[in-house]
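Trainee: Model the structure of this input:
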Amino acid sequence: MDDDTTRRDHRASPEPALRRTEAEWRAKLTPEQYRVAREKGTERPFSGAYWDLAAEGTYRCVCCGEPLFASSTKFDAGCGWPSFDRPIASERVAEHADLSHGMRRTEVVCAKCEAHLGHVFEDGPTDTGLRYCMNSASLDFEPTKR
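Mentor: Residues are numbered from 1 along each chain as shown. Okay, the predicted model is just below:
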């Protein structure tokens, strides 16, 4: 580990990364989704569609559809963004050091298509000690079928 802000810097997905042109991403995504997921933006707290969603289901990458987080791992962190204590599988996300904005953070991206999802912090309330603080604009929610 070269930087103490990064626990894992990998793309462990067995398939090759999904690549699209910028024009293809712009055609697929809304302007806000593109700004957040492709340009590493951040939505305002308490403004995204999923920050307080309590329904059961799966949160998928808005860009490629990869299942990333289960609603069973979601918790109210009081921060205004959807927060999870773990991804569905560690190989579904990659983490990179983010030294932007004068801060030391760990960025979380989709391992399949490299969409910016948010950041992970070591202040979570569960046994993992992690808080995956994600942007709603980077996620699609698929409710559990009953």
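
Trainee: Contact partners for the spatially most central residue of the chain?
Mentor: Nearest to the geometric centre of the chain sits residue 117, at 2.8 Å (Cα atoms, centre = their mean). Going by Cβ atoms under 8 Å, 6 or more residues apart in numbering, residue 117 touches 37, 61, 68, 93, 108-110, 132, 134-135, 138-139. Any C-beta I mention is one placed from the backbone N, CA and C, and that applies to glycine too.

Trainee: So residue 95, which state does it fall into?
Mentor: strand (DSSP: H, G, I helix; E, B strand; the rest coil).

Trainee: Quick check: it touching residue 122?
Mentor: No. At 11.7 Å, residue 95 does not count as touching residue 122 under the criterion of Cβ atoms under 8 Å.

Trainee: Of those two, which one has the most company?
Mentor: Taking neighbours as other Cβ atoms under 10 Å, residue 95 and residue 122 compare with residue 95 leading, 20 against 11.
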